[in-house]
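Q: sequence plus predicted model, see below.
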Amino acid sequence: DGGITQSPKYLFRKEGQNVTLSCEQNLNHDAMYWYRQDPGQGLRLIYYSQIVNDFQKGDIAEGYSVSREKKESFPLTVTSAQKNPTAFYLCASSMMGLAGYEQYFGPGTRLTVT
Amino acid sequence: KNQVEQSPQSLIILEGKNCTLQCNYTVSPFSNLRWYKQDTGRGPVSLTIMTFSENTKSNGRYTATLDADTKQSSLHITASQLSDSASYICVVRATGGAGSYQLTFGKGTKLSVIP
């Protein structure tokens, strides 16, 4: 069963703790993305990666970090420096080199920090 | 600055009725426009993609239109069903270099279909 998996679906953390969100894909896609979604807001890009061991900052990268050691995996760490970490986080992937660049999204992780 | 504006923000319709969602954009240079459906608490799923040369494209009960001259798109839903209740997101891609990130997301229209 091909697709993108994110885990866990719900995550609760205390303020000041770092937390890592998992994203795995078996679609053989080159590019992967992390978005943040807040109520009433459009998706905002946090980081993206086009190839293993390389990634670029998106519009709201401050307080977040990523790694891309394997093509299938693109974990996102929400650090204590992120001022408002409570949000719905979406991971996506896409092929490179195709004009459409359709992004396939995972089911999301809802992070709550108290 | 590239922008995508969607209207209405939210919409409530009776089951079986039709509705139309709007998307206006100022993205340039334009490459394509995609409509996504996002169920509550889930990831978005692509419904259709429109390129510059396409005016209309259908996917079952969903029909998207594109007017590249006025930079407007619409998503028409026919004979709505309860399962159509979701947020509908318009995403516009600008033409860029290979691998460059050129997406602009709208905030979405939240559709509620009631019995």
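A: Noted; the coordinates are in hand.

Q: count of neighbours near the residue in chain B that chain A sits nearest to?
A: Proximity of chain B to chain A (Cβ to the nearest Cβ) peaks at B:Gly43, 3.2 Å away. In this view, the C-beta of every residue, glycine as well, is placed from N, C-alpha and C. As a burial measure, B:Gly43 scores 22 neighbours (other Cβ atoms under 10 Å in any protein chain shown).

Q: is any residue of the helix or strand of chain B with the lowest mean pLDDT near chain A?
A: Here the helix or strand of chain B ranked lowest by mean pLDDT, DSSP states H and E is strand B:103-105, holding a mean of 91. Yes. Interface with chain A: strand B:103-105 contributes B:Leu103, B:Phe105 (Cβ under 8 Å from any Cβ of the partner chain).

Q: strands paired with that strand, and their directions?
A: Using DSSP bridges, strand B:103-105 pairs in its sheet with strand B:86-94 (antiparallel).

Q: the partner strand: how far from the chain's middle?
A: For strand B:86-94, the gap between its own C-alpha mean and the chain's C-alpha mean amounts to 5 Å (Cα atoms, centre = their mean, to the nearest Å).

Q: got the CA coordinates for it in CSV?
A: Only the C-alpha atoms of strand B:86-94 are listed here, as CSV (Å, rounded to 0.1, in the frame of the first residue of the first chain):
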residue,chain,number,x,y,z
ALA,B,86,-14.7,19.5,3.7
SER,B,87,-12.4,22.4,3.1
TYR,B,88,-11.5,23.1,-0.6
ILE,B,89,-8.1,24.6,-1.2
CYS,B,90,-7.0,26.4,-4.3
VAL,B,91,-3.2,26.1,-5.0
VAL,B,92,-1.5,28.0,-7.8
ARG,B,93,1.9,27.2,-9.1
ALA,B,94,4.2,29.8,-10.7
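
Q: show residues contacting that strand.
A: By Cβ atoms under 8 Å, 6 or more residues apart in numbering or on different chains, the list of residues contacting strand B:86-94 from outside reads A:42-43, A:101, B:2, B:4, B:6, B:21, B:23, B:25, B:27-40, B:44, B:47, B:73, B:75, B:102-111.

Q: please, a PyMOL command that selects the buried ones among these?
A: Of the contacts of strand B:86-94, the buried ones go into a single PyMOL selection, burial set by 16 or more other Cβ atoms under 10 Å in any protein chain shown:
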select buried, (chain A and resi 42+43+101) or (chain B and resi 4+6+21+23+25+27+30+31+32+33+34+35+36+37+38+44+47+73+75+102+103+104+105+106+107+108+109+110+111)
